[in-house]
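Peer 1: Here's my sequence, what's the structure:
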Amino acid sequence: MPLKIFSFSSLTLFITCLILSILLIRFGKTRTHRAWLGFNLSVAIWGLGEFFVSKSYDSVSALKAWQFAHAGGIFIAPTFFYFVYCLCELKYKRIIFLIFLQGSFFVILSILNPGQIFLSQTYILLDSIHYLKSKGILYPLSLFLWISIVFWGLIEFVIFYKRAASVKKNQLLYLMIGVIIGFAGGITYFFPMFGLRIMPLGNFTIPLYCLIATYAILRYRILDIKIAITRTGLFIAVYTLVLGFPFAIAVYTKNLLLGIFGTDWWMIPLILMAILATAGPSLYIFLQRRAENRLLREQKRYQDTLKHAAIGMTRIRSLIKLLTMITHIVTKTVRISFAAIYLHDRQTNEYALQVFRGKNQAPLAALSLDSTLAKWLTDKREPLIYEEVKRQMQDSGDNAFKALEANMRLLNASVIIPILLDHTLTGFVVLGDKLSGQIYTPDDLSVFQVLASQAALAIENAQFYEEAKEMQAQIGQAEKMATIGTMADGLSHQINNRFYALSLISGDSIDTIKMTDTTGCSPEVKAMINQIYSALERIQANVMQGGEVVKGILKYTRKGDEGLEPLTIDQVLDGTIDMVQFKIKLSEIDIIRNYPQEIPKIKANLVQMQEVFFNFIDNAYDAIVERRTTLKEEGYRGSITITATPKDNVMQIIVQDNGMGVKSEDIKKIFTPFFTTKASSRKGTGLGLYVIRSIILETHKGTINFHSEYRVGTRFIIEIPLSGQV
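Peer 2: Sure, this is the predicted structure:
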């Protein structure tokens, strides 16, 4: 019986490690995978050699089988240390070479075994197994080095485990449990060599070690170790009951059942096994849920909190309040080091930090829209875990993973959850490590994805509400301006009356001073009279200028009901510049008229065309000021060039500036009502270009096109029908 158990366990060890080696050849892509492949092959050779031992019928064949087994067994220590070297990113290249060199020496010594100085003889263990009895002179040295190398690898492993991040630490915990199980069983191989006549149990524990370790190496996002152990324990307990209880009935109550049921006694344990096998899965699921509910009570609690928070988010209209609430709930309930939310900023075309909650400083102010992280989240639409990304980077060496790892490191992110609306990446949530040191489980990530989906809708609602408020304010401002426009006639009449009164008063006062004899006045009085005279002249000059301003306003605000008439480009521009000079500083820019003096006239409405060019020049001036203050280019001076060229039956007019230009994502919205690229709503309502487009297309039956390059300039191209006159 011991021989059969030894033979079966050895064959199981060989087959298990051989299958794992094949899996590692198929799926392993990294140096760590190759190191673990070498370990599994070494163990497989050891298991196969033991199987040959179990089939040996004399000491000579058994000794040769042990020689074959040691060809693999000796390399277990070097391959294990090399695996630790790769996994823990150690810097012992020369030591690795020496470790494999000594291993190779003892393997050769084991195979050749001259004078039996390494393996000497066997003896009969448990009356059936030709077990090795160590008498060779160099075997103890080999064993000492083997144990020392394994022990050194374990120390390095523990040191690396202590400083590893939470996700990596969970993976290492699997490996550590496997190491304890495997080498604890492996030690039993040496007991019979030194006189302890007990069955070596390593063949039962080492395959389990190899399975656990291979699982942890090949899979990145693994279960919490407590859950894994609980599930395994429950599975063993339940199916031990399912299979063991009927077996025990059959063994211990056979005679009783034989007396009652006769030769059909075996039906009773068989029926019992069928019943238990049917109930087994349900029992396992029930116990698993109860156990996991107890183990994950805290996790379930905060997951339920997050789910309830997700439901109520859409009722919050303030964007800042919404984002602050999300980070507050996440950091408080999940207990993480920090949480940050980044949203797409249309002005800067970046993912800008909106809110941050945590003890440390915010990791990064903004992330480019073209960053690898943003593209990855848009394409993959799933959470990112830093440790997994880092592992993928090390495994594949792909530049995409290197850039992704760099982005996440800059953000100091442990996990990133995308905020997606349809197919658009609205933003993302950055989470730090859990304060408990636990990993983010798949259930955690699922809840965060639900939270992010609800957050996307809530953010859209809040943004829409804020934009609606802003648009309402702009509409109100536009209505005020329109009201002022309709009141222009009355206002200009009232203002002109005041100017006329001031002109009469100052004129009469000047005439009175001129007619007054001041020869008898003292020098002080004469000086005062001269000052009053100069002041009255300045009043008259300002009255005249004020009258021109009122005249220009009245001219600009009239609807132009007189229809279309032949106009020169100069007529339009002269009136426009007369008006625009009161809003902008003409001395800061150059307005260049790039067309010949004798040019055909256009068929247009003077007032409306002046409104068109007023907007062109006003917008260009703002863009020039923005470029000057933003880029601070040495020697930069703004210019607006108006080019006119007759083509067929139309006049093509190009208004080009060298201002800041428009961002590519805003070009399509440039003629949209209430959309403005100006710095604040005080400078623009977003109606100017919309009105211009209507004037050109509808009133004048022309065309208008727009081209712009950010930080270079903008060009408007309009075509107006010719009048047929020169």
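
Peer 1: Give me the spatial nearest neighbour of residue 536, chain neighbours excluded.
Peer 2: Take residue 536 and drop its neighbours on the chain: the residue closest to it by C-beta to C-beta, 6 or more residues apart in numbering is residue 506, 4.5 Å away. Heads up, the C-betas are built off the backbone N, CA and C, glycines and all.

Peer 1: do the same with residue 149
Peer 2: residue 77 (4.1 Å).

Peer 1: Show me what the helix or strand encompassing residue 142 is packed up against.
Peer 2: When elements are assigned from DSSP states H and E, residue 142 belongs to helix 139-163. Packing contacts for helix 139-163, counted by 3 or more C-beta pairs under 8 Å, 6 or more residues apart in numbering; DSSP states H and E, involve helix 76-87, helix 93-112, helix 166-186.

Peer 1: Next, the angle from the first one to helix 166-186.
Peer 2: To tie it back to what came earlier, the one meant is helix 76-87. 180 degrees (axes from the mean of the first three to the mean of the last three C-alpha atoms, to 10 degrees).

Peer 1: roughly how far is helix 76-87 from the heart of the chain?
Peer 2: Centre-to-centre, helix 76-87 and its host chain are 35 Å apart (C-alpha atoms, centre = their mean, to the nearest Å).

Peer 1: Okay, now the unreliable bits of the stretch 351-500 of the chain?
Peer 2: Along the stretch 351-500 of the chain, the model assigns pLDDT under 70 to residues 360-362, 395-397, 463, 465-468, 470-494, 500.

Peer 1: ok, which stretches of it are strands?
Peer 2: 366-368, 384-385, 415-421, 424-431 (DSSP state E, counting those that start in this stretch).

Peer 1: can you redo the ones you listed as JSON lines with mean neighbour count and distance to residue 69?
Peer 2: Below are these laid out as JSON lines (neighbours: other C-beta atoms under 10 Å; distance: least, C-beta to C-beta, whole Å):
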{"stretch": "strand 366-368", "mean neighbour count": "16", "distance to residue 69": "57"}
{"stretch": "strand 384-385", "mean neighbour count": "22", "distance to residue 69": "42"}
{"stretch": "strand 415-421", "mean neighbour count": "23", "distance to residue 69": "46"}
{"stretch": "strand 424-431", "mean neighbour count": "23", "distance to residue 69": "50"}
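
Peer 1: Looking at the ones you listed, spot the one closest to residue 128.
Peer 2: strand 384-385 (51.8 Å; C-beta to C-beta).

Peer 1: related to what we said a few turns ago, how many other residues sit next to the residue nearest to residue 149?
Peer 2: 25 (other C-beta atoms under 10 Å).

Peer 1: My read is that it contacts residue 103, right?
Peer 2: Yes: between residue 77 and residue 103 there is a contact at 7.1 Å, judged by C-beta atoms under 8 Å.

Peer 1: out of the strands of the stretch 351-500 of the chain, nearest to residue 14?
Peer 2: Taking the strands of the stretch 351-500 of the chain one by one with C-beta to C-beta, strand 384-385 is closest: 36.1 Å.

Peer 1: Partner strands of the closest one and their direction?
Peer 2: Strand 384-385 has these partner strands in its sheet, going by DSSP bridges: strand 415-421 (antiparallel).

Peer 1: Distance from the partner strand to the middle of the chain?
Peer 2: For strand 415-421, the distance to the chain centre is 7 Å (C-alpha atoms, centre = their mean).

Peer 1: ok, residues contacting that strand?
Peer 2: 341, 343, 373, 377-378, 381-386, 408, 425-431, 440, 445, 448-449, 451-453, 455-457, 459-460 (C-beta atoms under 8 Å, 6 or more residues apart in numbering).

Peer 1: Buried subset of the residues you listed as a PyMOL selection?
Peer 2: The PyMOL command for the buried members of those (criterion: 16 or more other C-beta atoms under 10 Å) is given here:
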select buried, resi 341+343+373+377+383+384+385+386+408+425+426+427+428+429+430+431+440+445+448+449+451+452+453+455+456+459+460
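
Peer 1: Among the contacts of strand 415-421, name the ones in helices.
Peer 2: Cross-referencing the contacts of strand 415-421 against helices under DSSP state H gives 373, 377-378, 386, 408, 445, 448-449, 451-453, 455-457, 459-460.

Peer 1: circling back: mind listing what's buried in the helix holding residue 142?
Peer 2: 139, 142-143, 145-146, 149-150, 152-154, 156-157, 160-161.

Peer 1: go on, stretch 344-357?
Peer 2: For stretch 344-357, by 16+ other C-beta under 10 Å, it's 344, 349, 350, 351, 352, 353, 354, 355, 356, 357.

Peer 1: Alpha carbons of that stretch, as CSV, please.
Peer 2: The C-alpha coordinates for stretch 344-357 follow below in CSV (Å, rounded to 0.1, in the frame of the first residue of the first chain):
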residue,chain,number,x,y,z
HIS,A,344,-12.9,67.6,-19.7
ASP,A,345,-12.3,71.4,-19.8
ARG,A,346,-13.5,72.8,-23.1
GLN,A,347,-11.4,76.0,-22.7
THR,A,348,-8.0,74.3,-22.2
ASN,A,349,-9.0,71.0,-24.0
GLU,A,350,-7.6,69.0,-21.1
TYR,A,351,-8.8,66.8,-18.3
ALA,A,352,-8.6,69.3,-15.5
LEU,A,353,-8.7,68.5,-11.8
GLN,A,354,-12.0,69.6,-10.4
VAL,A,355,-12.0,68.4,-6.8
PHE,A,356,-9.5,66.6,-4.6
ARG,A,357,-10.0,65.1,-1.2
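
Peer 1: what's the offset of it from the middle of its chain?
Peer 2: So, by C-alpha atoms, centre = their mean, the centroid of stretch 344-357 is 13 Å from its chain's centroid.

Peer 1: residues in contact with that stretch?
Peer 2: 319-320, 323-324, 326-328, 331, 338-343, 362, 364-369, 371, 374, 425-428, 663, 665-666.

Peer 1: about what we covered before: which one of the buried residues of stretch 344-357 is nearest to residue 586?
Peer 2: Out of the buried residues of stretch 344-357, the member with the shortest distance to residue 586 (by C-beta to C-beta) is residue 349, at 32.4 Å.

Peer 1: State the distance from residue 121 to residue 133.
Peer 2: 5 Å (C-beta to C-beta, to the nearest Å).

Peer 1: What of residue 441?
Peer 2: For residue 441 relative to residue 133 (C-beta to C-beta), the value is 51 Å.

Peer 1: Could you do residue 567 as well?
Peer 2: 117 Å.

Peer 1: Residue 259 now?
Peer 2: For residue 259, the distance to residue 133 - C-beta to C-beta - is 51 Å.

Peer 1: could you pull out the helices for the stretch 151-300 of the chain?
Peer 2: 166-186, 202-218, 225-252, 254-261, 267-295, 297-312 (DSSP state H, counting those that start in this stretch).

Peer 1: Of residue 259 and residue 133, which one has the most company?
Peer 2: residue 133 (19 against 9).

Peer 1: Outside of stretch 147-162 itself, list whatever touches it.
Peer 2: By C-beta under 8 Å, 6+ apart, stretch 147-162 touches 76-78, 80-81, 83-85, 87-88, 90, 99, 169, 172-173, 175-176, 179, 183.

Peer 1: pLDDT on it, on average?
Peer 2: The average pLDDT for stretch 147-162 rounds to 88.

Peer 1: And the ones in helices among the contacts of strand 415-421, which is closest to residue 42?
Peer 2: residue 386 (33.2 Å).

Peer 1: Identify each buried residue in stretch 568-577, please.
Peer 2: Quick answer for stretch 568-577 (16+ other C-beta under 10 Å): 568, 569, 571, 572, 573, 575, 576, 577.

Peer 1: nearest to residue 4, of the residues you listed?
Peer 2: residue 576 (105.8 Å).

Peer 1: Give the next helix or strand downstream of the host helix or strand of the closest one.
Peer 2: Using DSSP H and E, residue 576 falls within helix 569-580. Using DSSP H and E, the helix or strand that follows helix 569-580 towards the C-terminus is strand 589-594.
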